[in-house]
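Chemist: Output the structure for:
(chains A and B)
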Amino acid sequence: MADHSISRESFLKGATVGAAALSASFPAFVPSRGEAADVLKVGQIAELTGVYVDISQPEVYGAALALEHWNKKGGVMGRKVEVVVEDDQNDPGVAVQKVRKLINQDKVSAVFGTVNSAIALSASGAANSLGALYMVTGGHTDPVTSTQCHWDVFRTCHTAWQETQATGLSIAKKFGKKWYLITPDYAFGHSLASGYEAVIKKLGGQIVANDLTPLGTSDFSTYITKIGPAKPDVIIVLLAGADFVNFLKQANSYGLLKKFPVAGPQAELEPFLSLPPESRVGYWGVEWYYNSDLVYGKKNTQAANFVKEYRAKHGTPPSARSAFGYVTLDRMLWAMNEVKTADPVKVARKLENAHFETIWDGGAYYRGTDHQLMWPNFFVEMRPNGTPADKNDIFNVIDRQPADKISKSAAEQAQVCNLKYPS
Amino acid sequence: MLSNVAPSVFNGLILGAFYAFVAIGLSLIMNLTGTINLAHGSFLTLAGYLAFTLVSKGTSFWFALILAPLLTVVVGVVIERLLIVPLYKRDPIFSLLLTFGLSLIAEEVYRLIWGPNGVPFSAPGILGGGISLGFMQFPTLRLFIAVVLAAAMVLLALFLWRTRFGLRLRAAIQDTEMISAMGTNIQVLYMVNFALGMALAGLAGVLASGLLGLSPTMGNALLMPAFVVAIIGGMGSLFGSIVGGLLVGLAISVTTLFIPAANEVIMYILMAVVLLIRPRGLFGTEGLFG
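Modeler: Below is the predicted model:
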């Protein structure tokens, strides 16, 4: 039998090669922030591994389109823009390291990204401690723009509160006031559940059960068999990503979707497309959709072009996630270009309350009080097989709620959020 | 609350059978060659995607259920021969690192071929309905899965305990050098054993994708419970994997009923308790990794 122990020679060889490979990834001469005059770098953190990869990737794609547009226009302040994307592995701790790495090592001028609420919180804390601008693309938990808000943190997607207010009233009207909640057991799920608790309290209804499911649960059978005997009017599903798919697919196999209506604050296009048509049911909140007059009309060429270019590049239509990525980077670069610097304080001040028109009708603005983007939310019912012309067109948008109707008022937010700009 | 217990126990047993099945595949490979196959989940996913592709090209689900695992065996054996064989005689850490790397590569490759989003894959209509068990309506698909898994386990047991090849395999697990000295081609044993593991992974993969969402990460999500099951049952014991699987399935299911938020941690608690009382696992052989 051959001797498989490592000889000194092969160890040295391996170690040398290994060391060379490692050092290549840490160049000795890293330009400090602002030194590389011709390139403006911004960082993006994304869940490129883990359960949220299918909804995180579109945020990266959406941002890439905004990047392309700005570079085509000649860049920002005459400088070419570069986005450094880091995988946060869907882990709040790793995300903090990645934000620090982007700012300290890659010398990016600002950071944006994430779909995960827990990461939105950890990463915004990390960016704030380094005094860098951070824009949350898709983490919905409330504290990001309320109790844990920061002067240098902005958020594009809706808050969990906004989503529950937008959908809660309609759900009660359509199905009744006895709700069964299936809630993912982390920040995002807890935020949503408390939003619905507030709505149902106002309406005098009842939450018959609120089952917490660990993130990444693959088998929901026991949750599903508990629901029947509780006899709710409606099952409200707060899950996202792969968990959402697994739940609906299994609920359907137990015949549950035929017995009880399902609804929820947030339907995302990607997970729904990965479901077989028989499981595409329910009544959901949606933050943006690529094909509806209620979202954008014929005059909105920016939206039409965004959809066209995105489809040409990726073969799939853009989702709300793609819109988050696109709008976030677009606004960040706009503000830097306007104030002619990447100075976080000046950029943040510029973003506040600046109204803009974008890929939905009616415009939007990042509210000065809490840095939350104020924009409409939509309601959809499912079209399980799409349309004859487009099998991806599975949402039928039936209603639109304006931002002020679904948000806490600026005065209410001022009580809980203190932005604390550096003096 | 009590009316929920019977369905939960039933759900738990079927979930457990599934975990046991994945764990047996892991154990087979681990027992003979000491390879801790972290890419096992990736092979599972591969089989799911192959079945999806076959079905979307017009093949029937039943044919795909057999063909996809066979194709997975071919891919698995090629990888074993080319990459894993050179590491068999080394410390297990080498093959562990290799298979870890392979699983990362595989996930990216699946993403490139089939896209980062899940794909819609469901079992044929005949398995779509439910069967009344008296106390509950149970999905036909889950019963079907349980039957297939049980049949596959019986076949595997017959192969290992009733054929000469199985005898050699079991002997090789005890003493590879002795069986090699007595004239058995040990490389063929390794290969067939790995192929068996792949076949089990493949079958589990096709069945799982009917049940769960088929996405690049599907298999890796099932890998961790399978490892826990193998450890609880005892490294080296196929029977242990079955008992461990059923125990974990039951524990998860019953915990979900009473303390839903704790249903993930329960299997680790179970593992810790078993290891404290019986460090080699319930049915494990002592000092397998001496």
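
Chemist: got the contact list for the residue of the stretch 301-423 of chain A found nearest chain B?
Modeler: Taking C-beta to the nearest C-beta, chain B has its nearest neighbour within the stretch 301-423 of chain A at residue A:316, 7.7 Å off. Where you see a C-beta, it was placed from the backbone N, CA and C, and this is true even at glycine. Counting by C-beta atoms under 8 Å, 6 or more residues apart in numbering or on different chains, residue A:316 touches A:273, A:392, B:115, B:117.

Chemist: Quick check: it is in a helix.
Modeler: No - applying DSSP: H, G, I helix; E, B strand; the rest coil, one finds residue A:316 to be coil, outside a helix.

Chemist: all strands for the stretch 101-250 of chain B, in order.
Modeler: B:130-132, B:137-139 (DSSP state E, counting those that start in this stretch).

Chemist: how's chain A carved up into domains?
Modeler: A:39-158+A:298-375, A:161-286+A:378-405 (automatic domain parsing).

Chemist: what's the neighbour count on residue B:280?
Modeler: 18 (other C-beta atoms under 10 Å in any protein chain shown).

Chemist: now the residue of the stretch 201-350 of chain A at minimum distance from chain B: how far from residue B:121?
Modeler: Using C-beta to the nearest C-beta, the closest approach of the stretch 201-350 of chain A to chain B is made by residue A:274 at 3.0 Å. Distance from residue A:274 to residue B:121, counting by C-beta to C-beta, to the nearest Å: 9 Å.

Chemist: Switch the domains of chain A over to TSV; also include distance to residue B:179.
Modeler: Output for the domains of chain A, formatted as TSV (distance: least, C-beta to C-beta, whole Å):
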stretch	distance to residue B:179
domain A:39-158+A:298-375	41
domain A:161-286+A:378-405	39
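
Chemist: Let me know which of these is the nearest to residue B:178.
Modeler: Residue B:178 lies closest to domain A:161-286+A:378-405 among the domains of chain A, at 41.8 Å (C-beta to C-beta).

Chemist: mind checking the end-to-end distance for the closest one?
Modeler: 12 Å (C-alpha to C-alpha, to the nearest Å).

Chemist: Give me the residues contacting stretch A:66-73.
Modeler: With C-beta under 8 Å, 6+ apart, stretch A:66-73 has contacts from A:76, A:80, A:81, A:83, A:325, A:326, A:327, A:328, A:329, A:330, A:333, A:337.

Chemist: now stretch B:183-191
Modeler: With C-beta under 8 Å, 6+ apart, stretch B:183-191 has contacts from B:32-33, B:77, B:80-81, B:85, B:88, B:168-169, B:172, B:176, B:179-180.

Chemist: do that again at 6 Å, thanks
Modeler: Contacts with stretch B:183-191, where a contact means C-beta atoms under 6 Å, 6 or more residues apart in numbering or on different chains, come from B:77, B:168, B:169, B:172, B:180.

Chemist: returning to that earlier point: columns distance to residue A:60 and mean pLDDT on top of the strands of the stretch 101-250 of chain B, output as a markdown table?
Modeler: A markdown table is the format used below for the strands of the stretch 101-250 of chain B (distance: least, C-beta to C-beta, whole Å; pLDDT from 0 to 100):
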| stretch | distance to residue A:60 | mean pLDDT |
| --- | --- | --- |
| strand B:130-132 | 40 | 79 |
| strand B:137-139 | 36 | 81 |
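
Chemist: Out of these, which is the most enclosed?
Modeler: Most buried of the strands of the stretch 101-250 of chain B, by mean neighbour count (mean count of other C-beta atoms under 10 Å in any protein chain shown): strand B:137-139, with a mean of 21.

Chemist: helices and strands around it, which ones?
Modeler: Contacts defined by 3 or more C-beta pairs under 6 Å, 6 or more residues apart in numbering or on different chains; DSSP states H and E place strand B:137-139 against strand B:130-132.

Chemist: how far does the strand it packs on sit from the chain's center?
Modeler: 27 Å (C-alpha atoms, centre = their mean, to the nearest Å).

Chemist: Repeat that for stretch B:200-212.
Modeler: Centroid separation for stretch B:200-212 versus its chain: 9 Å, with C-alpha atoms, centre = their mean.

Chemist: and that stretch, does that touch chain A?
Modeler: Yes - Stretch B:200-212 reaches chain A (C-beta under 6 Å from any C-beta of the partner chain) through residue B:212.

Chemist: Just give the closest residue to residue B:33, not the sequence neighbours.
Modeler: Spatial nearest neighbour of residue B:33, excluding adjacent residues (C-beta to C-beta, 6 or more residues apart in numbering or on different chains): residue B:88 at 5.2 Å.

Chemist: Let me see the backbone angles for that neighbour.
Modeler: The phi/psi pair for residue B:88 (degrees, to the nearest 10) reads phi -60, psi -40.

Chemist: do the same with residue A:44
Modeler: According to degrees, to the nearest 10, residue A:44 has phi -130, psi 130.

Chemist: So, low pLDDT: which residues of the stretch 151-290 of chain B?
Modeler: Within the stretch 151-290 of chain B, the ranges that satisfy pLDDT under 70 run B:286-290.

Chemist: Quick one: name the residues of it near chain A.
Modeler: B:212, B:213, B:215, B:221, B:253, B:256, B:257, B:260, B:261, B:264.

Chemist: For the closest residue to the third one other than its chain neighbours, give me phi and psi.
Modeler: Right, residue B:215. Excluding the flanking residues, the one nearest residue B:215 by C-beta to C-beta, 6+ apart is residue B:118, at 3.7 Å. Residue B:118 adopts backbone torsions of phi -60, psi 160, taken as degrees, to the nearest 10.

Chemist: Residue B:118 reaches residue B:217, doesn't it?
Modeler: No - the pair residue B:118 / residue B:217 is not scored as a contact, 9.1 Å apart, by C-beta atoms under 6 Å.

Chemist: Among the two, which residue is more densely surrounded?
Modeler: A direct count of neighbours by other C-beta under 10 Å for residue B:118 and residue B:217 places residue B:118 higher, at 28 against 25.

Chemist: Before we move on, what's the pLDDT of that one?
Modeler: In this prediction, residue B:118 carries a pLDDT score of 78.
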